[in-house]
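**Student:** Sequence and predicted structure below; questions after.
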Amino acid sequence: MKLSKKLLSLGLAFLISAPTYVNSYPATKQDMTIEFIDVGAGDAIYIETPSGDDILIDAGTAGNGKKVVDYLKRQEKSMDLEYVISTHPDADHVGGLKYVFQNMKVKKFYYPKDASYSTKTAKEVIDLAKKESGCKIYDAESSTKFSSGGAKLEFVHSSKNYSSDNEDSVMTYIDYGNLEVLLTGDAENGSESAAKKYNVDILQMPHHGSAGSSSSSFIKKFDPEKIIISTDGKKYGHPSATALNRYKNYDKNIDVYRTDRNGNIKISATGKKWWINTNKYSSQKITSTKPGSNSTSSGSSSSTKYVYANGGSSSSNKYHKSATAHGMKGAIKMS
């Protein structure tokens with residue numbers, strides 16, 4: 001993570017944890033925004049780049065399609081979607097895309113062709129994409145990159161064809177100025193370990209926080225400051241206390257945002273600073289240690305007092321919370 005980004009993030013930490021942080025700092029047209037739309041037990045993520053390109057990743061279940069489209073049209077009445085990305089064919093991700101294609105113009109559609117889009121709903125979405133006038137269809141291949149207004153996006157999932165559609169999920173890395181984000185779909189197990197490595201500020205907890213996701217090595221690999229969970233807090237027991245505890249064991253100060261408790265969760269970034277707005281409440285801390293529970297606690301969180309950067313002959317521009325993280329020696333301590 002870039003040093004300037006981290007220091008700015010620390011400077012905003014008291015705002016991130018305070019109750020008044022909710023709905024503060026409205027985004028402007030010059031900002032990039034990434035919004036996790038509350039679709040219950042599913043995923044729907046809307047991104048607007050600094051140049052105004054509109055990107056939608058998944059759209060929840062079929063029953064949530066209208067909710068997603070209505071939300072998008074509130075942002076821009078005659079919105080066209082420059083990119084639509086389907087992470088994988090599970091109904092809680094691909095279902096709502098049917099309504100999206102029926103009611104919005106889509107210019108480019110990406111989906112993983114090594115995943116099995118064989119269900120009725122998934123087939124209908126592919127058929128609608130093929131019938132969409134002017135829509136170009138692409139395989140969401142690993143290492144695919146595109147940029148817009150200074151924001152860079154890259155698919156970082158494994159190129160391996162797994163037997164599980166979850167494992168074949170498209171994972172998207174976003175880099176804009178001082179903000180780095182990883183979006184994960186339902187990735188688990190092998191696909192997590194094979195994903196291209198980036199240290200990030202914000203990590204979408206894979207597979208809604210299932211027990212089979214977020215291995216300790218995965219968390220260490222991406223070293224998140226904050227995690228976001230798309231969940232209704234009920235179905236399948238997501239998020240799992242087992243997975244939450246892995247984050248807690250890695251860093252008990254990681255902030256947690258959940259759509260079931262925070263509603264829509266919006267990340268805004270100017271290129272020099274970034275912040276998070278939610279519909280309700282502020283971030284939470286992981287407190288649960290009992291399997292079978294998915295508890296996190298609400299309330300304010302304290303900012304880290306000190307950080308550590310590589311010393312000696314290293315030219316690293318990244319900092320960490322521990323003086324020995326990533327094998328550092330002679331780390332420089334700073335406030």
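**Tutor:** Nice, I can see it.
**Student:** can I assume residue 65 sits in a strand?
**Tutor:** No: under DSSP: H, G, I helix; E, B strand; the rest coil, residue 65 falls outside any strand and is assigned helix.
**Student:** That one contacts residue 94, correct?
**Tutor:** No: look at residue 65 against residue 94 with C-beta atoms under 8 Å: they stay out of range, at 10.2 Å. In this view, the C-beta of every residue, glycine as well, is placed from N, C-alpha and C.
**Student:** Of these two, which one has the most company?
**Tutor:** residue 94 (29 against 22; other C-beta atoms under 10 Å).
**Student:** From the contact counts, what lies against whichever strand or helix holds residue 129?
**Tutor:** Following DSSP states H and E, one finds residue 129 within helix 120-131. Contact partners of helix 120-131 among helices and strands, from 3 or more C-beta pairs under 8 Å, 6 or more residues apart in numbering; DSSP states H and E: helix 91-94, helix 97-103.
**Student:** per-residue confidence averaged over that helix?
**Tutor:** Computed over helix 120-131, the mean pLDDT rounds to 98.
**Student:** Please apply the same query to stretch 87-107.
**Tutor:** 98.
**Student:** distance between the ends of that stretch?
**Tutor:** Start-to-end span of stretch 87-107 (C-alpha to C-alpha, to the nearest Å) is 17 Å.
**Student:** Then stretch 130-143?
**Tutor:** Span of stretch 130-143 from end to end, C-alpha to C-alpha: 24 Å.
**Student:** For the stretch 151-300 of the chain, just list every one of the strands.
**Tutor:** Applying DSSP state E, counting those that start in this stretch to the stretch 151-300 of the chain gives strands spanning 151-155, 172-176, 179-183, 202-204, 226-229, 255-258, 265-269, 274-278, 284-286, 296-298.
**Student:** Tabulate these (JSON lines), appending mean neighbour count, mean pLDDT and distance to residue 87.
**Tutor:** Output for those, formatted as JSON lines (neighbours: other C-beta atoms under 10 Å; pLDDT from 0 to 100; distance: least, C-beta to C-beta, whole Å):
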{"stretch": "strand 151-155", "mean neighbour count": "20", "mean pLDDT": "97", "distance to residue 87": "10"}
{"stretch": "strand 172-176", "mean neighbour count": "22", "mean pLDDT": "97", "distance to residue 87": "8"}
{"stretch": "strand 179-183", "mean neighbour count": "26", "mean pLDDT": "97", "distance to residue 87": "8"}
{"stretch": "strand 202-204", "mean neighbour count": "25", "mean pLDDT": "97", "distance to residue 87": "10"}
{"stretch": "strand 226-229", "mean neighbour count": "25", "mean pLDDT": "97", "distance to residue 87": "15"}
{"stretch": "strand 255-258", "mean neighbour count": "25", "mean pLDDT": "96", "distance to residue 87": "19"}
{"stretch": "strand 265-269", "mean neighbour count": "23", "mean pLDDT": "97", "distance to residue 87": "18"}
{"stretch": "strand 274-278", "mean neighbour count": "22", "mean pLDDT": "95", "distance to residue 87": "22"}
{"stretch": "strand 284-286", "mean neighbour count": "21", "mean pLDDT": "68", "distance to residue 87": "25"}
{"stretch": "strand 296-298", "mean neighbour count": "16", "mean pLDDT": "46", "distance to residue 87": "24"}
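**Student:** now those strands in CSV, with distance to residue 121?
**Tutor:** Formatted as CSV, those follow (distance: least, C-beta to C-beta, whole Å):
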stretch, distance to residue 121
strand 151-155, 23
strand 172-176, 22
strand 179-183, 22
strand 202-204, 23
strand 226-229, 24
strand 255-258, 26
strand 265-269, 26
strand 274-278, 30
strand 284-286, 33
strand 296-298, 32
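**Student:** Select, out of the ones you listed, the one closest to residue 58.
**Tutor:** strand 179-183 (9.4 Å; C-beta to C-beta).
**Student:** and that closest one, what does it pack onto?
**Tutor:** strand 172-176, strand 202-204, strand 265-269.
**Student:** Direction included, what does it pair up with?
**Tutor:** Sheet pairing of strand 179-183 (DSSP bridges) gives strand 172-176 (antiparallel), strand 202-204 (parallel).
**Student:** how big is the angle separating that strand from strand 265-269?
**Tutor:** For strand 179-183 against strand 265-269, the angle by axes from the mean of the first three to the mean of the last three C-alpha atoms, to 10 degrees is 140 degrees.
**Student:** Pull the residues that contact strand 179-183.
**Tutor:** With contacts defined as C-beta atoms under 8 Å, 6 or more residues apart in numbering, strand 179-183 is touched by 1, 5, 32, 34, 45, 57, 156, 171-174, 198-204, 222, 224, 267, 269, 274.
**Student:** hmm, 7 Å instead?
**Tutor:** Contacts of strand 179-183 with the rest of the structure, by C-beta atoms under 7 Å, 6 or more residues apart in numbering, involve 1, 5, 34, 45, 57, 171-174, 198, 200-204, 222, 267, 269, 274.
**Student:** now swap in stretch 67-81 and tell me
**Tutor:** Against stretch 67-81 from outside (C-beta under 7 Å, 6+ apart): 37, 39, 44, 46, 54, 56, 59-60, 96, 99-100, 103-107.
**Student:** Can you tell me which of these are buried?
**Tutor:** Neighbour counting with 16 or more other C-beta atoms under 10 Å marks 37, 39, 44, 46, 54, 56, 59-60, 96, 99-100, 104, 106 as buried within these.
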